[in-house]
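Asker: next comes the sequence, and after it the predicted model I'd like to discuss.
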Amino acid sequence: MIKNGSVSRKKLNIFFAVCVAVLYCIYCFALIPLWKMYANDVLYMDTVLPEIVEYAYDLVELAVIALAYAVSVYSVYSYGLGGTWISALIFGVGTLFKYAVNLCATWLDIGFDADSLLSDISSVALPMLLELLQYFIVLLIAYRILSKYREHLKKREKAARARGEEPAAESLYPFKNLIDFKNPAVRCALYSGIVVAVSKVAQRIVYDIFYTLMYGLPDTSEIPVMTVYYLSDIIVGIAVYFAVVFLLILFFEKRLRRELYENN
């Protein structure tokens, strides 16, 4: 645990809340209306503009997810599992807000139908619950890995004191390199990327199964396109991994500067 932990935790949570609010406001009130405008306008629906906007809000979603995972890993290490409840609440509220606005935008676009209310709600509830499930899986993985790391440090310290020696200082940061999987924090980032990639691949498999059941086996000409889609899901997971690592570097650098200032 770090000195003045409550102060730094408060600043981290404020930073996280502001980022989530700004990014999801851009997503909900700029990108989604823009996409609907392009997708429903005969002048633009056959151009690349709807796809560009769609990629843009996919990037915003991934940015929030990577930030949430990085904040979770850092918080578990610095404050323990109990110190992550505010960031978890921020992510949960932000996710609920995003899907609620998405649903309302759909109703404004095609009209509200009471008969399809449950169907409409389930269409956003399922992906929302999956997104929250992914978050808590990453949080629990981080807790598991970092708890083992703390136990390792305690055993080393106890053994050193039993030998009458001063325990050697050991820290997660700086990382030896960006793929230092022996480092517990980097390993948490790796699992973050794996969770995202596995989730996306699993969703695509389910979609392809239903598509096959409805329309039959894909043509040979569709196989390369399907392969590219699966590869893109894996690339997204890799991108999330590196994003989490870079964000952790920023958080640990800030921590080091604060500790140097407090010790002087």
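Answerer: In hand now; what should we look at?
Asker: from Ala142, how far off is Ala88?
Answerer: 12 Å (Cβ to Cβ, to the nearest Å). The C-beta positions use only the backbone N, C-alpha and C, and glycine is treated the same way.
Asker: higher neighbour count, the two?
Answerer: Between Ala88 and Ala142, counting by other Cβ atoms under 10 Å, Ala142 is the more crowded of the two (26 against 18).
Asker: mind checking pLDDT for the more buried one?
Answerer: Here the pLDDT value assigned to Ala142 is 95.
Asker: average pLDDT across whichever strand or helix holds Ser78?
Answerer: Ser78 belongs to helix 49-79 when assigned by DSSP states H and E. For helix 49-79, mean pLDDT is 93.
Asker: what's the answer for stretch 188-195, then?
Answerer: Regarding stretch 188-195, the rounded mean pLDDT is 96.
Asker: could you do stretch 232-244 as well?
Answerer: Mean predicted lDDT for stretch 232-244 stands at 96.
Asker: which residues touch that stretch?
Answerer: Residues outside stretch 232-244 that contact it (Cβ atoms under 8 Å, 6 or more residues apart in numbering): 62-63, 65-67, 69-70, 73, 178, 188-190, 192-198, 200-201, 204.
Asker: burial count for Val236?
Answerer: 19.
Asker: again, but for Ala189
Answerer: 30.
Asker: and the helix or strand hosting it, how far out from the chain's middle?
Answerer: Ala189 belongs to helix 184-215 when assigned by DSSP H and E. Distance, stretch centre to chain centre, for helix 184-215: 13 Å (Cα atoms, centre = their mean, to the nearest Å).
Asker: ok, now stretch 51-71?
Answerer: That offset, for stretch 51-71, works out to 8 Å (Cα atoms, centre = their mean).
Asker: again with stretch 221-235
Answerer: 22 Å.
Asker: buried sites along that stretch?
Answerer: Asp233, Ile234 (16 or more other Cβ atoms under 10 Å).
Asker: what's the spacing between the residue nearest the centre of the chain and Ser72?
Answerer: The centroid of the chain falls nearest to Ile65 when counting by Cα atoms, centre = their mean (2.2 Å). From Ile65 across to Ser72, the span is 11 Å (Cβ to Cβ).
Asker: just Ala66 next, same as before
Answerer: From Ala66 across to Ser72, the span is 11 Å (Cβ to Cβ).
Asker: kindly report the same for Lys176.
Answerer: Counting by Cβ to Cβ - Lys176 and Ser72 are separated by 23 Å.
Asker: does Phe112 count as helix, strand or coil?
Answerer: coil (DSSP: H, G, I helix; E, B strand; the rest coil).
Asker: run a quick neighbour tally on it.
Answerer: There are 11 residues near Phe112, going by other Cβ under 10 Å.
Asker: quick one, grab the pLDDT at it.
Answerer: Value for Phe112, per-residue pLDDT: 72.
Asker: going forward, count from 69.
Answerer: All set: I'll call the first residue 69, so the last point we hit is now Phe180.
Asker: re the thing from before, shared neighbours, Ile133 and Ser140?
Answerer: Applying Cβ under 8 Å, 6+ apart, one finds that Ile133 and Ser140 are jointly contacted by Tyr203.
Asker: sorry, back to before: higher neighbour count, Lys244 and Ser140?
Answerer: Set Lys244 next to Ser140 and count neighbours by other Cβ under 10 Å: Ser140 wins out with 27 against 9.
Asker: skip the chain neighbours and tell me the closest residue to the more buried one.
Answerer: Leu207 (4.9 Å; Cβ to Cβ, 6 or more residues apart in numbering).
Asker: from what I see, that neighbour and Ala156 are in contact.
Answerer: Yes. Applying Cβ atoms under 8 Å as the test, Leu207 and Ala156 come out as touching, 6.8 Å apart.
Asker: shared neighbours of these two, which are they?
Answerer: Common neighbours of Leu207 and Ala156 (Cβ under 8 Å, 6+ apart) are Ser140.
Asker: and the closest residue to Tyr259 other than its chain neighbours, how far is that from Ile302?
Answerer: Leaving aside its chain neighbours, Tyr259 sits nearest to Ile209 (4.8 Å; criterion: Cβ to Cβ, 6+ apart). Using Cβ to Cβ, one gets 19 Å for the distance from Ile209 to Ile302.
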